[in-house]
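*Asks:* Next come a sequence and a model predicted from it.
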Amino acid sequence: MKNILIFLLILSAFFGCQKQNDQDKKPDNAKFTKTIPGGCAVDTVNHKDIGIDTVYYTLDNGDLNVFVGFNDECCLHFTTDSQIRNDTIFMNVIYIPGPVCGCLCYYTYNFFYTGIDHSYYYVVNVADWLIFKGKIEP
């Protein structure tokens, strides 16, 4: 009888702690809001610069702006999408097949999010040929 009581006490303590830990978790309010294209993504005539393939971010009061810049042939067209899964933000710049021009151009995209209140990893996939990975720290 004493063994059963000890077992039940340990069991109830385990489930009580588990329930408390679940209650301590905050809901994830992170949301993707929009992408704004720039550089050659909007004007191939005036933006034939060459830049550094890069990703960087700014974070202010939970509002996240992820800047993506990369070089590619002029006259290309891209679309974007993003998903937030668990602790990772995925950003995709997707090539839309079409004609190209004989020059290089610098494309930029700003991905915007709200509700960023804890650390996230990020993965940026540019047309399946350029991948950036890192961590966002609030």
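*Replies:* Sure, I can see it.
*Asks:* which residues of this structure score low on pLDDT?
*Replies:* 1-27, 47-48 (pLDDT under 70).
*Asks:* How is the residue most central in space within it assigned, secondary-structure-wise?
*Replies:* Nearest to the mean C-alpha position of the chain, by Cα atoms, centre = their mean, lies residue 89 at 2.9 Å. Secondary structure state of residue 89, per DSSP: H, G, I helix; E, B strand; the rest coil, is strand.
*Asks:* which residues in this structure form helices?
*Replies:* Along the chain, the stretches classed as helices by DSSP state H are 2-24.
*Asks:* all strands of it, in order?
*Replies:* Using DSSP state E, the strands found in the chain span residues 31-39, 54-60, 63-73, 77-85, 88-96, 104-114, 120-126, 130-136.
*Asks:* so can I have TSV of those strands showing distance to residue 46?
*Replies:* (C-beta placed from N, C-alpha, C; glycine too.) Shown next, in TSV, are those (distance: least, Cβ to Cβ, whole Å):
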stretch	distance to residue 46
strand 31-39	9
strand 54-60	21
strand 63-73	16
strand 77-85	17
strand 88-96	21
strand 104-114	10
strand 120-126	22
strand 130-136	24
